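**Student:** The following comprises the amino acid sequence and a computationally predicted model.
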4 protein chains.
Amino acid sequence: MVVRVAVNGYGVIGKRVADAVAKQDDMQLAGVIKTKPNYEAKLAIKKGYKVYVPDAASLDLFKKANVPCEGLHENLFSKCDLVIDCTPAKMGADNKKNIYVPKKLKAIFQGGEKDNIAEVSFVAQCNYDKAVNKNYVRVVSCNTTGLCRTMGAVDKAFGIESSKVVLIRRAADPNDIKTGPINAIVPETKIPSHQGPDVQTVLPIPIETVAIKVPTTLMHVHVVFIKMKKPATAQDVKNVFANTTRIALYNAADGFESTAHLIDYARDVGRYRYDIQEIMVWEDSIYVNGNELAYIQAVHNESDVIPENVDAIRAMFNLCDVKTSIEKTNKSFGIK
Amino acid sequence: MVVRVAVNGYGVIGKRVADAVAKQDDMQLAGVIKTKPNYEAKLAIKKGYKVYVPDAASLDLFKKANVPCEGLHENLFSKCDLVIDCTPAKMGADNKKNIYVPKKLKAIFQGGEKDNIAEVSFVAQCNYDKAVNKNYVRVVSCNTTGLCRTMGAVDKAFGIESSKVVLIRRAADPNDIKTGPINAIVPETKIPSHQGPDVQTVLPIPIETVAIKVPTTLMHVHVVFIKMKKPATAQDVKNVFANTTRIALYNAADGFESTAHLIDYARDVGRYRYDIQEIMVWEDSIYVNGNELAYIQAVHNESDVIPENVDAIRAMFNLCDVKTSIEKTNKSFGIK
Amino acid sequence: MVVRVAVNGYGVIGKRVADAVAKQDDMQLAGVIKTKPNYEAKLAIKKGYKVYVPDAASLDLFKKANVPCEGLHENLFSKCDLVIDCTPAKMGADNKKNIYVPKKLKAIFQGGEKDNIAEVSFVAQCNYDKAVNKNYVRVVSCNTTGLCRTMGAVDKAFGIESSKVVLIRRAADPNDIKTGPINAIVPETKIPSHQGPDVQTVLPIPIETVAIKVPTTLMHVHVVFIKMKKPATAQDVKNVFANTTRIALYNAADGFESTAHLIDYARDVGRYRYDIQEIMVWEDSIYVNGNELAYIQAVHNESDVIPENVDAIRAMFNLCDVKTSIEKTNKSFGIK
Amino acid sequence: MVVRVAVNGYGVIGKRVADAVAKQDDMQLAGVIKTKPNYEAKLAIKKGYKVYVPDAASLDLFKKANVPCEGLHENLFSKCDLVIDCTPAKMGADNKKNIYVPKKLKAIFQGGEKDNIAEVSFVAQCNYDKAVNKNYVRVVSCNTTGLCRTMGAVDKAFGIESSKVVLIRRAADPNDIKTGPINAIVPETKIPSHQGPDVQTVLPIPIETVAIKVPTTLMHVHVVFIKMKKPATAQDVKNVFANTTRIALYNAADGFESTAHLIDYARDVGRYRYDIQEIMVWEDSIYVNGNELAYIQAVHNESDVIPENVDAIRAMFNLCDVKTSIEKTNKSFGIK
């Protein structure tokens, strides 16, 4: 079976999801839905994607800008098996009620939606099987995905008795010029913050999080403190991370001194859009004292959830098992 | 006795220390030492401070710029009882060996120096008595001072069994236009970072720290996790902070959503230079679960150590007891 | 006569205008209107200002936050002679139509409003007399005020044949943590930009402007190129600026290398809120080649228009002549 | 002939130059010289580049880090026909005197060196022929290259009677985390700034420049005012730019609202490292009033000079004419 996929919303996440779907041999990109006829729309057309619009107002914008489109989104919804909803946070809920449910379309939502929008909150390497044959799946946020990948690996290997995480969040995406702050540190003063419970929608681990927003655009950074159920050495933990998919180890000693250097490296190795789908753990930061573990990781918020969207499709149509799906997806991104 | 104080180094810290000393009735500002005849030097002269230079090169600069000065620093050292060394990090050690020891001058160093430069590492409300009659005292760094004030209060009230702190550090002072990063998060990948042991030079508490540098200039932010020896409520902790000097409680609900708002407030209330000598704890962030405590605080790195420099002088000359000193100092800053 | 003044909108501009009015001996601050019971509202009350709210929703917020207020704004409007409208851009037009005209209240608007909202667009040292006895006056924006002050002086002394200005704009106010960009340069691609025509609402000079937004919060910077009607020397221009009110000359050679240093200086000299009501011209930048003049100036966008609001009141009630008004206002700010 | 090229200095510029040389069929990358065994060095080795070190200290660093290298740079200099010097600014002069002249090696320098280091300051489309058979050529800086490309085109088509340019400079490269400012605008107060005379080392046009540094890492932005010798329409100027190599036109109306959007686009179209070798002119900004022209352009400082380095090699060995060289170089970057 080749799953026909529509991508609703073609911004930072949507355009990446569309490209990823288009590269899979068991999927077909039926089309994308875009509100504005900007450079992203024009490039989508150049790539051969069928571009639809959500309403008459958008249709008008496309006409005025002389950018051809395939018409209203209804035409797309009738030609696809599943929708990946990449609309701005909180819009997915309305779309589900008004479109996907009435049209009996399977749908994947992103982490900006509440977890009860879907039957399962999803991170492929943590709970692929739970999404098998489901109709509604939520790929969790970039931060939650990052924590599930590494903490899930630690939990599986050593058990987690308790944990605390401080998330130092990039305040805006690189192409978002409207959002600040320009010069301030902005704490979420509600402790624990919402990310901990969000991790628990995927992994049943004890976790408390604190989130702080800072004026940078490149990546999030997490400081993770874990009390493990059994002691381990730093080398044990490194081995676990080295052997877990979608985690990559980097050393400050090799020049990876900051998020800027991780991005510079991704540019140098020719990653498309410099995207880093893996969670980057600073190997030099891994610290173990008895059963206390600490480490620092960086999350490329524009791209770490993209592989999850692809895997979720396979699970929802039961196209293959988790191992096969992750391998296929990874291969298409050129990650190990 | 009126202590004659020289301030060696007249930058961010030095100029504030000089102003603070000049306001005390049991001290006299003998003079300040400045390398460059810039606006800070000119203002010092306008304030009536005697400005000296450290060497012939500086003397020449002052002459060329037509800024009058009192000559080389030797002339100042012969007219003072104590030097507050506010030179750039690591220069204090040389100054001690080459100047203060030979000239038998008492000296106060800042947190950029190693702790073994002095007989005691100092935070007034934690260990004033240890500095009594000492010759060499180190006022610890802005971050360490901030942690000692609030964690010392928690330790005294409830005991600290273990603690973890993530320091989100402002990367440069506001008037430092040379230092970055502009758009990156820079972790210190060595865990635990040096701030924990530095706290322990003042307070014998178990503490592990992780430090992250971010592109902002206003204040540091600390996320503090403490396992207390005995349980308490959030209200108990608030009461402790409310009753501890040089700690101030602020609520995000009142509009204090970020470090930028704390500074805006300091400007509105007319704080000189918008300095905030107190450690600002977000009251809404104080979270207690059994004997686990978490809270977020902000540290104004330009000014929180200034009161400590004043108190250290009083201790080193045994001018009065800790309570009297802190009260006098606080009053001179207009803080409660 | 003592003019009873209401300030509608108590944010960055409003709170400064209120403080300025309160300091004048020929004005009385009748009250201020504030929407949110945040720290600014609480401080206003502490200062003894009467705080009103614009609607029932705000009233409710104040009640819930336990912050006392004087009730709805109607009560204030009946007790004042003039309103200074400091509400967000574009709201002034509605307020004029719905409130000030029906209630026959004189009103001053800010530069965010269109120029046709008022009978005169105002910069005191340029056109005070035009505002005499008027009912509606618009104080122009911070950028326009900055250009009118220095270019007006050049025009008066040497004449302006043509001019081009590039405005490098701070993207957000210091306490605005919502607005970006964090890492981008944002040009207004429409050339000439709107600031040129806005200057012409005050001064009949030929001017074309280009505006560029950059990620900083402190001050705007203008690069001004003027073709003068008659030749002059750089010293001539310096003399003109030195002898013009509300312009201040600073030298990079004294350490004023950036907007950050100007602010640092304002903090050091104890300016309230570090406000700099004068336009700061870098003296070293003044360059003359025949009748071609170029210079760079910095504008403190939070405060340079505050004196104009005060002077406008005096003009609108014909309390005194321009010279007297500017002197009184300057004195109250401690500027020469 | 296949020219054997050594690249001395393998940072932001050097690594790009090396990649570009390696792609040309009439050149061979003999090797690169790198001081630190960081991720860039490791990637160079992975790409099959021969990596040399400049001195014993670097050799030691490589050994300790277990990164293999080909030994000291002498070994490379004996196997190449030309060196491209990409060492930090001002080091090229020493290298010329101590290495290239004694060893009779042709050399290309970058814009950080003084113009008298070379026989010609070079921008391919402006003065390729002047570099033919020369031994020392200086590729001018990113800013100067950007101005030469567009202003050279205007000069050729319409003549330039006078011009003024404001350069709004990104303060640091993306992977430079040491350099600020974080929150300030930093003018070069010397007017005119050095960039004007630097343009004149390539193009004999009247030009005065003012330079302002701002806290961003992505691209420089130039505001260009030109008085043309003969009148033209905006469309004429657009046509000239559209028909000139290494200039690209972009419209804010297509979503190119900032430098961040230009970079986002370069990422989307799959440019290697998101490099933009062309000068990006905002088409919507092109404004003509009689013979007065204004426009805004963006310069990708990491990459716009890379094609010039390649073309300079061809000129210095007289491998082909300018048209052929530019076409070959452009093709290798995938630019039109």
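**Tutor:** Yep, it's here.

**Student:** How about the residues of chain A by chain C?
**Tutor:** For chain A, the residues in contact with chain C (Cβ under 8 Å from any Cβ of the partner chain) are A:171-172, A:174, A:176-184, A:186, A:215-217. No exception for glycine: its C-beta is placed from N, CA and C like everyone else's.

**Student:** Buried subset of those as a PyMOL selection?
**Tutor:** A single PyMOL command selects the buried members of the residues of chain A next to chain C (16 or more other Cβ atoms under 10 Å in any protein chain shown):
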select buried, chain A and resi 171+172+174+176+177+179+180+181+182+183+184+186+215+216+217
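
**Student:** Also near chain B: which of the residues of chain A next to chain C, exactly?
**Tutor:** Applying Cβ under 8 Å from any Cβ to these, one finds that A:181, A:183-184, A:186, A:215-217 fall near chain B.

**Student:** So which residues make contact with stretch A:99-109?
**Tutor:** Defining contact as Cβ atoms under 8 Å, 6 or more residues apart in numbering or on different chains, one finds that stretch A:99-109 is touched by A:77-78, A:80-85, A:92, A:95-96, A:117-118, A:134-139, A:309, A:312-313, A:316-317.

**Student:** where does that stretch sit relative to the chain's centre, distance-wise?
**Tutor:** Its chain's C-alpha centre lies 20 Å from the corresponding centre of stretch A:99-109 when counted by Cα atoms, centre = their mean, to the nearest Å.

**Student:** helix/strand/coil for A:Ala294?
**Tutor:** strand (DSSP: H, G, I helix; E, B strand; the rest coil).

**Student:** quick one: it from chain C, how far?
**Tutor:** For A:Ala294, the distance to chain C equals 28 Å [Cβ to the nearest Cβ, to the nearest Å].

**Student:** show me the contacts for the nearest residue to that residue once chain neighbours are set aside.
**Tutor:** Leaving aside its sequence neighbours, A:Ala294 sits nearest to A:Tyr287 (Cβ to Cβ, 6 or more residues apart in numbering or on different chains; 4.6 Å). Counting by Cβ under 8 Å, 6+ apart, A:Tyr287 makes contact with A:234, A:293-295, B:191-192.

**Student:** Equivalent analysis for A:Ala30, please.
**Tutor:** Taking Cβ under 8 Å, 6+ apart, one finds A:4-6, A:50, A:76, A:79-80 in contact with A:Ala30.

**Student:** Assign it to helix, strand or coil.
**Tutor:** strand.

**Student:** likewise A:Ala6?
**Tutor:** Classification of A:Ala6 using three-state DSSP returns strand.

**Student:** I'd say it and A:Ile33 touch.
**Tutor:** Yes - applying Cβ atoms under 8 Å, one finds A:Ala6 in contact with A:Ile33, separated by 7.0 Å.

**Student:** overlap in contacts of those two?
**Tutor:** Taking Cβ under 8 Å, 6+ apart as the contact rule, A:Ala6 and A:Ile33 both touch A:Leu76.

**Student:** Contact residues of the stretch 201-336 of chain A facing chain B?
**Tutor:** Residues of the stretch 201-336 of chain A lying close to chain B by Cβ under 8 Å from any Cβ are A:208, A:210, A:212, A:214-219, A:221, A:223, A:225, A:252, A:257-261, A:282, A:284-287, A:294-296, A:298.

**Student:** Where helices are concerned, which of those residues count?
**Tutor:** Judged by DSSP state H, these include A:259-261 as members of helices.

**Student:** Now flag whichever of those is closest to chain C.
**Tutor:** A:Ala260 (10.6 Å; Cβ to the nearest Cβ).

**Student:** Let me know the pLDDT of A:Ile45.
**Tutor:** Note on A:Ile45: pLDDT of 98.

**Student:** Excluding residues flanking it in the chain, which one is nearest it?
**Tutor:** Take A:Ile45 and drop its neighbours on the chain: the residue closest to it by Cβ to Cβ, 6+ apart is A:Val51, 5.7 Å away.

**Student:** phi, psi of the closest residue to A:Ala131 other than its chain neighbours?
**Tutor:** Distances taken as Cβ to Cβ, 6+ apart place A:Ala315 nearest to A:Ala131, at 3.8 Å, with adjacent residues excluded. For A:Ala315, the backbone dihedrals are phi -60, psi -40 (criterion: degrees, to the nearest 10).

**Student:** Pretty sure A:Ala315 sits against A:Lys134.
**Tutor:** Yes - using Cβ under 8 Å, A:Ala315 is in contact with A:Lys134, at 7.3 Å.

**Student:** More neighbours: which of these two?
**Tutor:** Each of A:Ala315 and A:Lys134 has its neighbours counted (other Cβ atoms under 10 Å in any protein chain shown); A:Ala315 has more, 25 against 18.
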